[in-house]
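S.K.: Need coordinates for the below:
(one chain, ligands or ions: 1)
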Amino acid sequence: MKMKRLFVAAALMIVSVGAALAQEMQLPEIPMDPQVRYGKLDNGLTYYIRHNEYPERVANFYIAQRVGSIQEEESQRGLAHFLEHMAFNGSDHFPGNGIIDYTRTLGVEFGSNLNAYTSIDQTVYRVCDVPTARQSALDSCLLILKDWSNGLKLQKKEIVKERDVVHNEWRMGEGPTQRMIQRALPKAYPGSKYGERMPIGLMSVIDNFKPKTLKQYYQKWYRPDNQAIIVVGDVDVDHIEAEIKRLFGGIKVPANAAQVVAEPVPDNKEAIYIFEKDKEMPQNLAFVMMKTDPVPDEVKRTDAYFIQSYAVSVASRMLNARFNELTQDAECPFVQAQADYGQYLLSKTKDNFEIMVYPKEGKDLEALKAVVRECKRIKEHGFTATEYERAKADYLASVEKQYTNRNKRKNAEFGDAYRDHYLDAEPIPTMEYTYEKVNMYVPMLNVDIINQMVAEYFTNSQENLVVMEWAREADGLSYPTEAQMKTAVEAAQAEAVEAYVDNVKDEPLITEENMPQKGSIVKESENKTLGYKELKLSNGATVILKKTDFKDDEVRMQAFSKGGKSLYGESDYSNLKFFDEVIGYSGIGNFSSTELQKALAGKNCNADANMGVTRQYVNAHSTPKDLETMMQMAYLYFTNVSKDEKSFANLKSQLELALKNQHLQPQAVFSDTLTNMMYAYNPRFAQPKVEDLDKMDYDRILAIAKDRYKNAGQFTFVIVGNFDEQTIRPLIEQYIAALPATGDKPDQFRDVRTMPTGKKVNHFTMKTDQPNAMSYLIWMNKLPYTLENIVKMDAAGQLLSQIYLATIREEESAAYTCGAVGGFDLSGTDAMARLIAVSQGNPEKNARAVELLYKGIRDNAQKLDADALQKVKAYMLKQADEDAKNNAKWINIITTWKDYGLDTYTNYKKTVEALTPQSMQQFLQTMLNSGSQIECVMMPEAKE
Ligand SMILES: [Zn+2]
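M.R.: The predicted model follows:
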């Protein structure tokens, strides 16, 4: 034991002293998971291949490049990202939109399964969920990676078309935060290129660059020695490896190739204070960032990294718990504060402990002081042993959860891990190794060691401190100056602080004497079609048990019954709008909301009460281990939601800040108008407003909760996941069968939904600095809620999305975002089918975009694009296989069956296969002919 302690002390020293000692100390290296085939070709190309059967019969393909916008010259600002767009616009083996078209035939959807991103120091492309049945499909995906690596055409005519697309993307992102980041970065990075290289770049470059300039970037940086190929899935590893060697082995790296060099971030002796304001910023936000050197790669390779990651993780947890507790005090100057350890803003060459804080109005400087004071408190007094025990228990529980599910890790999880190994030297051991080491080291690290370790991350001086605020600009508001921010921070640093006192309630959620009288299971039956057992309980409640092995660490439960918000009238509208939040912020049993969080330390479970228009729910999830705690929480939501005035006051101030300035946000204004149109201006369905907060009555909300959950006999509890039946049955009797029931007949909901009739058109303008137009077209129709109609609605949305992407975005660059989605509104007696078509982008081209939205649906109602339908079907069939192994989807399938008598599972694939161009054509006609339609368009209007 003593030996081990010494060993850990050595590890700790390495963490603090750094790389130089790492080799000398000889901590064990973290071994790479032997299941991954890892290699490097002579030209420097790195590859990772792993066979994985979760999910079965699909694979993911990635190419990761360790270059991004930081490599751009001044004349290239924005071109790393522009190049990423060009990767889908013509290459050696896939001319035009060939990559998008080809992968769609495999059921791979552009934008989700087929996608890419560009950041400041990396560019990653992916093709995911490719069916592995045909080897030729896999070989084609490797060919796509090959084309991306060095076979892009970059044709002039394609570049010209894409300028508008990228310009539109900039418009979409051009909100207040984007504007302020751009102004703030040069100040946050004095003397560093990081201040001048936001990936979106300069529109003067995007609109005018010469194709040659783009080619220069491509040829200079996209080279095998800057690239990694990653393939994970149900594949033959040897074959993939041979193909990678064959396809990529011949690519040459020029003799004098430019090297990727790390861009340093200088330390700052004096604190940096940055203040930015913007008229469209809805609420103020400040950051306190304490810069530190990143963990050296040498340390990441050894076990020391487990200890470092653990220390910063528990420190963040403990600090966040303290912040949360502070907000319960009415005098607290902020509504929310959140701490995290990670990369300093954009740069991986510098880390930081970052605290983000939302000040109450007019309390900006006080909020900064409060945060700085907490940092000082930690530096001087550390954390307490009881806080640490909870954070430790939480950490170990999360590692335990991952370990439990180690044999069901998804392709995407491996893909991301290998990417991070290549780009950031993150270790990739087996889950067994991590589990074993974490459980070896953590018990040796007491709170004093952790306090010593983390003290150095918290500054109480000006050195390497960056304090930034983003504020809302408006007439009559006063703002702190950077000088005042400095004075406030320095004053807080000079204050005397006392140690934190941890108040904990040391009792179980339900005490012995409060343990309810057990009920019993009175009847049992089985549903062979959907594979579940149905139990009838002594209090009248129904429980459905479906055991699955999709995830070893997951059990989900949903309880539902009819009634919901529809049973309450106009005087309760404001209460109903915040019902879920208020109940979520309340206590349960003897526990206040803060005490509850402390009591749940080390548990992986949660429960919530939620209310819909026509139904009320309790939703819960857990690991198999914490099932009983989950059941207790659910029991308490039914029987004993307790008033927590402090937590309620905090929620109210959070909501107030969030809602107060919504009229400044184009998205919020648009969504408000659209919702009003969809429900014929019925105030019951209107979006929550700040005025609603004053009408909210906490006692009344608790009374509504009591009323909705008083009769457990009318509820059906659907439980899906990896539970042990012998364990769960007594828990069901102890907690669910014990719930009070009134013996009354089940409630029914009232039909309170209102819908517009005929065609409603609303074009309006909003004064905004965001040069972005938004258009929604919605077709509505009362249709029978059948499997066939569900499938057709979904297919219609996907089909139109394909058409819109090709016409609106790719051919005419009339909008950056466009698409369609189909679904049902079930908040009334009749099921209401809704088909929604959307475009967002350049205001000058908006009229054309709207024209094309109409044209797409009308043309296809006349003559449907059979080729596009084929691709939609391929995607839906593949998705069905994935959904069949998803616990949450099964909750949905079973509730739909129990609630509507509709089996959406058994004949799903058959129904998809039966779709024909004719039947879909007719379906679109039905939607068009219903005559109920909304056209809502918002155009930006320049401020004077
Ligand atoms: Zn983009």
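
S.K.: Relative to Phe383, how far out is the nearest residue to Glu473 once chain neighbours are set aside?
M.R.: Nearest residue to Glu473 in three dimensions, chain neighbours excluded: Lys277, at 4.0 Å (Cβ to Cβ, 6 or more residues apart in numbering). Using the backbone N, CA and C atoms, a C-beta is placed for each residue, glycine as well. Per Cβ to Cβ, to the nearest Å, Lys277 is found 36 Å from Phe383.

S.K.: quick one: which of those two has more around it?
M.R.: Phe383 (25 against 17; other Cβ atoms under 10 Å).

S.K.: and the residue lying closest to Thr614 once chain neighbours are set aside, which of the three is it?
M.R.: Once flanking residues are discounted, Thr614 sits nearest to Phe749: 3.8 Å by Cβ to Cβ, 6+ apart. When classified by DSSP: H, G, I helix; E, B strand; the rest coil, Phe749 comes out as coil.

S.K.: residue contacts, Phe749?
M.R.: Residues in contact with Phe749, defined by Cβ atoms under 8 Å, 6 or more residues apart in numbering, are 562-564, 566-567, 613-615.

S.K.: What score does it have for pLDDT?
M.R.: If you check Phe749, the pLDDT there is 97.

S.K.: try Ala9
M.R.: At Ala9, pLDDT is 50.

S.K.: and if you look at Gly476?
M.R.: pLDDT recorded at Gly476 is 89.

S.K.: again, but for Glu24
M.R.: Per the predicted model, pLDDT is 46 at Glu24.

S.K.: How about Ala942?
M.R.: 78.

S.K.: ok, and the closest non-adjacent residue to it?
M.R.: Ala942's closest residue in space is Lys767 (Cβ to Cβ, 6+ apart), at 7.5 Å.

S.K.: Ok, Val265 next?
M.R.: Closest to Val265 by Cβ to Cβ, 6+ apart is Lys350, at 3.9 Å.

S.K.: The one you found touches Gly342, doesn't it?
M.R.: No: the criterion here is Cβ atoms under 8 Å, and Lys350 misses it with Gly342 at 10.6 Å.

S.K.: neighbour count winner among these two?
M.R.: The residue with more neighbours, out of Lys350 and Gly342, is Lys350; 23 against 13, by other Cβ under 10 Å.

S.K.: May I have the helix or strand harbouring that one as CSV, with CA atoms only?
M.R.: Using DSSP states H and E, Lys350 falls within strand 347-359. Taking Å, rounded to 0.1, in the frame of the first residue of the first chain, the C-alpha atoms of strand 347-359 are listed here in CSV:
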residue,chain,number,x,y,z
SER,A,347,-6.5,27.5,-29.1
LYS,A,348,-5.3,24.1,-28.2
THR,A,349,-1.9,25.5,-27.3
LYS,A,350,-3.4,27.0,-24.2
ASP,A,351,-5.9,25.6,-21.7
ASN,A,352,-8.0,27.4,-19.1
PHE,A,353,-10.4,27.0,-16.2
GLU,A,354,-13.3,29.0,-17.5
ILE,A,355,-16.3,30.3,-15.6
MET,A,356,-19.2,31.6,-17.5
VAL,A,357,-21.7,33.8,-15.5
TYR,A,358,-25.1,35.3,-16.3
PRO,A,359,-25.4,38.4,-14.1
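
S.K.: Tell me which other helices or strands it touches.
M.R.: strand 285-292, helix 304-327, strand 334-344, helix 364-381 (3 or more Cβ pairs under 8 Å, 6 or more residues apart in numbering; DSSP states H and E).
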